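> Here you go, sequence then predicted model.
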Amino acid sequence: MNGASGRMGYRQHLVRSILAIREQGGVVLSDGSRVQVEPLLVGRDEAKLARIAAQHGIEHYTTNLDEALADPRWEIYADFLVTSARSAAIKKAIAAGKAIYTEKPTAETYADALELAQLATDAGVKNGVVHDKLYLPGLRKLKRLVDSGFFGRILSVRGEFGYWVFEGDWHPAQRPSWNYRAEDGGGITVDMFPHWNYVLENIFGSVKSVYAQTATHIPQRSDEQGRPYKATADDAAYGIFELEGGIIAQLNSSWTVRVHRDELVEFQVDGTHGSAVAGLFGCEIQPRNATPKPVWNPDLEDTHDYDADWMQVPNTEEFENGFKVQWEQFIRHVVEDAPHEYDFLSGARGMLLAETALKSAREGRKFEIPTVSLAEEPLTTDAHELTLS
Ligand SMILES: NC(=O)c1ccc[n+]([C@@H]2O[C@H](COP(=O)([O-])OP(=O)(O)OC[C@H]3O[C@@H](n4cnc5c(N)ncnc54)[C@H](O)[C@@H]3O)[C@@H](O)[C@H]2O)c1
């Protein structure tokens, strides 16, 4: 577990996933037997690793990644590093023949992300990327609605993601400062569009084109030490996406918006037979036969309670932490070849969307998203001139 002391590495992957799996006695396999997990913490700061290991009763930790990769006891390499450090570490893990599970984005550029997918495939190593949003209760309910045919023909998806991230001057910021510096791999487009790509393609249909407008609304912020710095990365991205089947999706992503919604992310889906609004946890529906009939009249105050027209989709199953559920799937994939479709190629498609959106914002034009596939022939190191069309 490389980067196990970071924000995501520690909280979601170590504590909420691997330690929770260890606590429950391992992952249940298809024949009912269990496979147990044994974590090895990898990082740069030995004292920090020792502290975490002692706190959670973890036997193994090291600051030597190469040694860990050379040791056949450790079968899966997991990566939660800052994005800029990821691709070099994953290449070493591919060379060592490990199965690999990683945070998103898989690399800083589409070309690098595609190269990782190709190298992993050529080497025959199993690979997976975090697709956590698909495991959110609200999105699981939404997916069920789509699969049940509730919407009829889906027309559009409108998504609002965001909240106010403090500038860090009079009040500390609640996200690491590298997120606001392009030179350190920051920016809301590269952060969120990889998520939007897999959310859209797995629930509604793959993305065929994108038009995006990005902005750096707050040009100066203060870092963890209270020092002012120039915010060089985009802190808001307004995107329009055409999906397979003619669905239009509009997604606003912003760290410079104050919340007036029930949840930090919400998607409204409108179809011919019904509509839904899904958040992280909740999901409300309005079927066509319970749709009110508003009449536009600016002279009369409208007293209709539109919120009251919606119905909650009940919780009909237990939802566990999504990071843990996906870890269990990936472990089954490694141990007994169970399906796990969220691989490096999916990660590369996410980066392609992010990169194309940034290009669209720079040039003020809409771009098609080409189909991404791997070369039949193994990649040689000098043969990958991967550029965006
Ligand atoms: N799935 C999600 O919803 C989600 C949410 C937030 C972040 N992320 C992703 O998770 C990753 C980590 O983000 P975070 O918020 O936990 O960041 P973080 O800064 O808290 O943690 C990063 C980790 O990388 C290590 N690190 C930093 N620079 C390094 C270097 N040069 N070499 C080796 N290690 C280095 C740090 O010591 C730390 O352990 C990012 O790629 C980010 O995009 C995903």
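Done, it's in.
> show me the residues around Ser346 that make contact.
Residues near Ser346 by C-beta atoms under 8 Å, 6 or more residues apart in numbering: 129, 131, 198. (Glycine included, C-beta is placed from N, CA and C.)
> switch the cut-off to 6 Å
Each residue near Ser346 by C-beta atoms under 6 Å, 6 or more residues apart in numbering is listed here: Tyr198.
> Averaged pLDDT, whichever strand or helix holds it. What do you get?
Applying DSSP states H and E as the criterion places Ser346 in helix 344-363. Averaging pLDDT along helix 344-363 gives 98.
> Could you pick out the residues of the stretch 51-200 of the chain near the ligand for me?
80-83, 85, 103-104, 130, 132, 176, 191 (C-beta under 6 Å from any ligand atom).
> hang on, the earlier thing: how about the helix holding Ser346, which residues are buried there?
Residues of helix 344-363 classed as buried by neighbour count (16 or more other C-beta atoms under 10 Å): 344-358, 360-361.
> Considering the residues of the stretch 51-200 of the chain next to the ligand, which possesses the most neighbours?
Neighbour tally across these (other C-beta atoms under 10 Å): the maximum, 29 neighbours, falls on Val130.
> and Glu115, how many neighbours?
21.
> mind exporting the helix holding Ser346 as CSV, just the C-alpha atoms?
What follows is helix 344-363, C-alpha atoms only, in CSV (Å, rounded to 0.1, in the frame of the first residue of the first chain):
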residue,chain,number,x,y,z
PHE,A,344,-6.4,0.9,-16.5
LEU,A,345,-8.0,1.3,-19.9
SER,A,346,-11.1,2.8,-18.2
GLY,A,347,-8.7,5.0,-16.3
ALA,A,348,-7.2,6.1,-19.6
ARG,A,349,-10.6,7.0,-21.0
GLY,A,350,-11.1,9.2,-17.9
MET,A,351,-7.9,11.1,-18.6
LEU,A,352,-8.8,11.4,-22.2
LEU,A,353,-12.1,13.1,-21.3
ALA,A,354,-10.3,15.4,-18.8
GLU,A,355,-7.6,16.3,-21.3
THR,A,356,-10.0,16.9,-24.2
ALA,A,357,-12.2,19.1,-21.9
LEU,A,358,-9.2,21.2,-21.1
LYS,A,359,-8.4,21.5,-24.8
SER,A,360,-12.0,22.5,-25.5
ALA,A,361,-11.8,25.2,-22.8
ARG,A,362,-8.5,26.5,-24.3
GLU,A,363,-9.8,26.6,-27.9
